[in-house]
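Participant: what's the 3D shape of this:
(chains A and B)
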Amino acid sequence: MGVKMMRMSKIVRISADLLYPFIVIFGWYVIMHGHLTPGGGFQGGAVVATGTALVIVAYSYQDIKTMINKTVLWFQESGGLMLFIGAGLGGLVIGFPFFYNWLANSGSLFGTTVIYGPNPGELNTAGFLPLMNIAVGTEVWGGLTMVLLYMLSGLEKREEA
Amino acid sequence: MRKAVTYVSLAIITIGLLMIPLGLEFGKPHHTDMDDYFLRFGQEQTATNNQCTSVTFDFRGFDTLGESTVLFTAVIGVALMFRRFYGGEDDADE
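Facilitator: From the prediction side, this is the model:
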């Protein structure tokens, strides 16, 4: 490579490595508690994508190319959307309309009932809303990272020319 | 002539749209059955404590589906725009 390596100093890289798991964990916390606390799939996915963006900023494009597999990101993005539509279509199989909350109050996965009024809340509630949050979060994570990767590749070629 | 018709119809539409919020009183939101229904039955029906999530993902699920599709399309558009920078022609794995 004749191009100057555009990576940051070792302090920034080590800090990004240390912070990355915590940002990902916090983002997944926001995604998983979307039906209890403020937040949800879009917000949590954006937080997780911020962690990936930190790593992308700290390292050079040559390092990123070996670290991040773009096929996995494509599968994340399309798989998230497919899971979203699939969760909506799941009600049709049982005999409910499209996008009916067919898991709520069913007693199975995420099916604990909730009574009217203030209550502390439980993670195993809300029917298919956690599934939707997970789907949207995965999609936003993959999509924003793809956008960052593609734009960074354009910057790299501009530096070369 | 055509210009005059355009301006007159634009003015009529603007005034008509402005009449709607001007008729409302500040501090007294217009009463609808929908918000009462969400507040009273949303928690039990969707088993969700966060009513924002229950509205965006359950009652208005189509809206969120459209948002996800918009994001998907935007990412595909960016990927098409920057495709020739990413890897170039000799990138055979895509």
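
Participant: need the contact list for the residue nearest to the spatial centre of chain B.
Facilitator: Geometric centre of chain B, nearest residue: B:Asp63, 6.6 Å, by C-alpha atoms, centre = their mean. Residues counted as contacts of B:Asp63 (C-beta atoms under 8 Å, 6 or more residues apart in numbering or on different chains) are B:Thr56. Just so you know, the C-beta spots here come from the backbone N, C-alpha and C atoms, and that holds for glycine as well.

Participant: ok, it to A:Trp102 distance?
Facilitator: From B:Asp63 across to A:Trp102, the span is 19 Å (C-beta to C-beta, to the nearest Å).

Participant: one more: A:Gly121?
Facilitator: Separation of A:Gly121 from A:Trp102 (C-beta to C-beta): 21 Å.

Participant: between these two, which one's more packed in?
Facilitator: A:Trp102 (19 against 15; other C-beta atoms under 10 Å in any protein chain shown).

Participant: thought the more buried one was touching A:Gly111?
Facilitator: No: counting by C-beta atoms under 8 Å, A:Trp102 stays clear of A:Gly111, with 9.8 Å between them.

Participant: what touches both of these two?
Facilitator: Common contacts of A:Trp102 and A:Gly111 (C-beta under 8 Å, 6+ apart): A:Gly127.

Participant: who touches the helix or strand of chain B with the lowest mean pLDDT?
Facilitator: Least confident helix or strand of chain B, by mean pLDDT, DSSP states H and E, is helix B:33-46 with a mean of 81. With C-beta under 8 Å, 6+ apart as the test, helix B:33-46 has contacts from A:101, A:104-105, A:113-117, A:126-127, A:129, B:48-49, B:51, B:54-55, B:58-59.

Participant: out of those, which are buried?
Facilitator: Those of the contacts of helix B:33-46 that meet the buried threshold are A:101, A:104-105, A:114, A:126-127, A:129, B:48-49, B:51, B:54-55, B:58-59, by 16 or more other C-beta atoms under 10 Å in any protein chain shown.

Participant: next secondary structure after the least confident helix or strand of chain B?
Facilitator: Using DSSP states H and E, the helix or strand that follows helix B:33-46 towards the C-terminus is helix B:51-53.

Participant: show me where chain B has helices.
Facilitator: B:2-22, B:33-46, B:51-53, B:61-81 (DSSP state H).

Participant: which of these sits most buried?
Facilitator: Most buried of the helices of chain B, by mean neighbour count (mean count of other C-beta atoms under 10 Å in any protein chain shown): helix B:51-53, with a mean of 18.

Participant: quick one: that one to chain centroid distance?
Facilitator: For helix B:51-53, the separation from the chain centroid amounts to 16 Å (computed by C-alpha atoms, centre = their mean, to the nearest Å).

Participant: show me what that helix is packed against.
Facilitator: helix B:33-46 (3 or more C-beta pairs under 8 Å, 6 or more residues apart in numbering or on different chains; DSSP states H and E).

Participant: send the alpha carbons of the helix it packs on over as PDB?
Facilitator: Extracted in PDB, the C-alpha atoms of helix B:33-46 (Å, rounded to 0.1, in the frame of the first residue of the first chain):
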ATOM      1  CA  ASP B  33     -61.400   8.700  21.300                       C
ATOM      2  CA  MET B  34     -58.100   7.300  20.100                       C
ATOM      3  CA  ASP B  35     -55.800   8.700  22.800                       C
ATOM      4  CA  ASP B  36     -58.300   7.700  25.600                       C
ATOM      5  CA  TYR B  37     -58.300   4.200  24.100                       C
ATOM      6  CA  PHE B  38     -54.500   4.000  24.000                       C
ATOM      7  CA  LEU B  39     -54.200   5.200  27.600                       C
ATOM      8  CA  ARG B  40     -56.900   2.900  29.000                       C
ATOM      9  CA  PHE B  41     -56.500  -0.300  27.100                       C
ATOM     10  CA  GLY B  42     -53.000  -0.200  25.600                       C
ATOM     11  CA  GLN B  43     -51.200  -1.500  28.700                       C
ATOM     12  CA  GLU B  44     -53.400  -4.600  29.000                       C
ATOM     13  CA  GLN B  45     -53.800  -5.400  25.300                       C
ATOM     14  CA  THR B  46     -50.200  -5.200  24.300                       C
END
